[in-house]
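Asks: Provided below are the primary sequence and the corresponding predicted coordinates.
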Amino acid sequence: MSPVIIILCVISAVLAVTMLFTKSPITSALCLLGVLIMTAAIYGLIGEHMIATLQLVVYAGAIMVLFIFSISTLRQ
């Protein structure tokens, strides 16, 4: 296993733990975005470029916009 993949996995795990224990929902959503980007990077490094692209477009793009929109409208 490549050391770069291990580093990305550690960063992803730290972001996931931060996402769980943070108080702010915006910070939690941004940590989730970081986890999704790290997952796409890992997919890209192992050669699954189509899955990495779909991960970025579908999850990091569309679903995160929906999360941020929901959080900002519910806070008011």
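Replies: Nice, I can see it.
Asks: show me what contacts the residue lying closest to A60 once chain neighbours are set aside?
Replies: Once flanking residues are discounted, A60 sits nearest to L36: 4.5 Å by Cβ to Cβ, 6 or more residues apart in numbering. Where C-beta positions appear, they are placed from N, C-alpha and C, glycine not excepted. Going by Cβ atoms under 8 Å, 6 or more residues apart in numbering, L36 touches 55-56, 59-60, 64.
Asks: cool, M19 as well?
Replies: 28, 31-32, 35.
Asks: so it is in which element?
Replies: If you go by DSSP states H and E, M19 is part of helix 3-21.
Asks: just to revisit the earlier point, could you say which of the contacts of L36 is surrounded by the most neighbours?
Replies: When neighbours are counted by other Cβ atoms under 10 Å, Q55 leads the contacts of L36 with 21 neighbours.
Asks: Please, where are all the helices along this protein?
Replies: 3-21, 25-45, 49-54, 64-74 (DSSP state H).
Asks: and the longest one with helix 3-21, angle?
Replies: In other words, helix 25-45. Orientation check (axes from the mean of the first three to the mean of the last three Cα atoms, to 10 degrees): helix 25-45 against helix 3-21 gives 160 degrees.
Asks: Let me know the angle separating helix 25-45 from helix 64-74.
Replies: Angle of helix 25-45 versus helix 64-74, following the same axes, to 10 degrees, is 180 degrees.
Asks: average pLDDT across helix 25-45?
Replies: Per-residue pLDDT over helix 25-45 has a mean of 93.
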